[in-house]
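A.B. asks: What shape does this take:
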Amino acid sequence: QIKALEAQMKTQFKKAFMDLLRKNLESDKPDWEWVKRLHQELRDRICNLTPRRSDIIDDIYDKMDSDIFYNMVSNNVYTGENLLALVNFVFSKIHDLEAPVKNVDTDAKRDEVVLLFQNPNSTIATIVPVFIQSANDRLDCVYKDREIFMKMLQKEQTKK
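C.D. replies: Alright, predicted model coming up:
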């Protein structure tokens, strides 16, 4: 019963977050600093899964430069093509980091976001929250799988 309540609360928090982000992006003066921090968080979560690969981390930082991102969005020059490229880049990195058996789930989440680009009624305010939520959900799964793997590895090492 407690787990069900926790799950319900988590769902409500996610919905509230997405609603706030959507409203922020719909406003006349969006808080681009907040969006920049979300961009940085995505980048950092991906990089934290690749601690020994400085070449990959450098590439991620290059392609997800938060200062350039911020300058583009705050000056209203960030295009749908830029956003689509970011979506594809982030999901391709998640794809690379997760167990191959999970790629189907990640592909489905990416496709769900990409489909929004084809809807003429979609805006940055409707696409970005779904993208942020979907990417973070997939990253949560990668982190959870990593945690399970590390626990299994520890058990194996203590048996020796």
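
A.B. asks: Just the pLDDT at residue 160, thanks.
C.D. replies: pLDDT for residue 160: 65.

A.B. asks: Give the burial count for residue 13, as a bare number.
C.D. replies: 10 (other Cβ atoms under 10 Å). Every C-beta, even on glycine, is put in place using the N, C-alpha and C of the backbone.

A.B. asks: where's it, which helix or strand?
C.D. replies: Assigned by DSSP states H and E, residue 13 belongs to helix 2-26.

A.B. asks: hey, where'd the helices end up in this protein?
C.D. replies: 2-26, 32-48, 54-63, 66-74, 80-97, 103-118, 124-159 (DSSP state H).

A.B. asks: for the third one, which positions count as buried?
C.D. replies: So that's helix 54-63. Within helix 54-63, the residues that qualify as buried are 56-57, 60, counting by 16 or more other Cβ atoms under 10 Å.

A.B. asks: Same check on the first one?
C.D. replies: Buried residues in helix 2-26, defined by neighbour count with 16+ other Cβ under 10 Å: 21-22, 24-25.

A.B. asks: Which members of the residues you listed define the maximum pairwise distance?
C.D. replies: Of all pairs drawn from these, the greatest distance, 7.2 Å, lies between 22 and 24 (Cβ to Cβ).

A.B. asks: for the buried residues of helix 2-26, which one is nearest residue 103?
C.D. replies: Distance to residue 103 across those (Cβ to Cβ) is lowest for residue 21, with 26.8 Å.

A.B. asks: Return the distance of the residue sitting nearest the centre point of the chain relative to residue 27.
C.D. replies: By Cα atoms, centre = their mean, the chain has its centre lying nearest to residue 135, at 2.9 Å. Separation of residue 135 from residue 27 (Cβ to Cβ, to the nearest Å): 23 Å.

A.B. asks: can you list contacts of stretch 145-159?
C.D. replies: The contact list for stretch 145-159, computed with Cβ atoms under 8 Å, 6 or more residues apart in numbering, reads 49, 98-99, 102.

A.B. asks: scratch that, stretch 84-96 is what I was asking about
C.D. replies: In contact with stretch 84-96 (Cβ under 8 Å, 6+ apart) are residues 42, 46, 60, 63-64, 103, 106-107, 109-110, 113-114, 117, 131, 135, 138-139, 142.

A.B. asks: Can you list the buried residues in it?
C.D. replies: Applying 16+ other Cβ under 10 Å to stretch 84-96 flags 84, 86-87, 90-91, 93-94 as buried.
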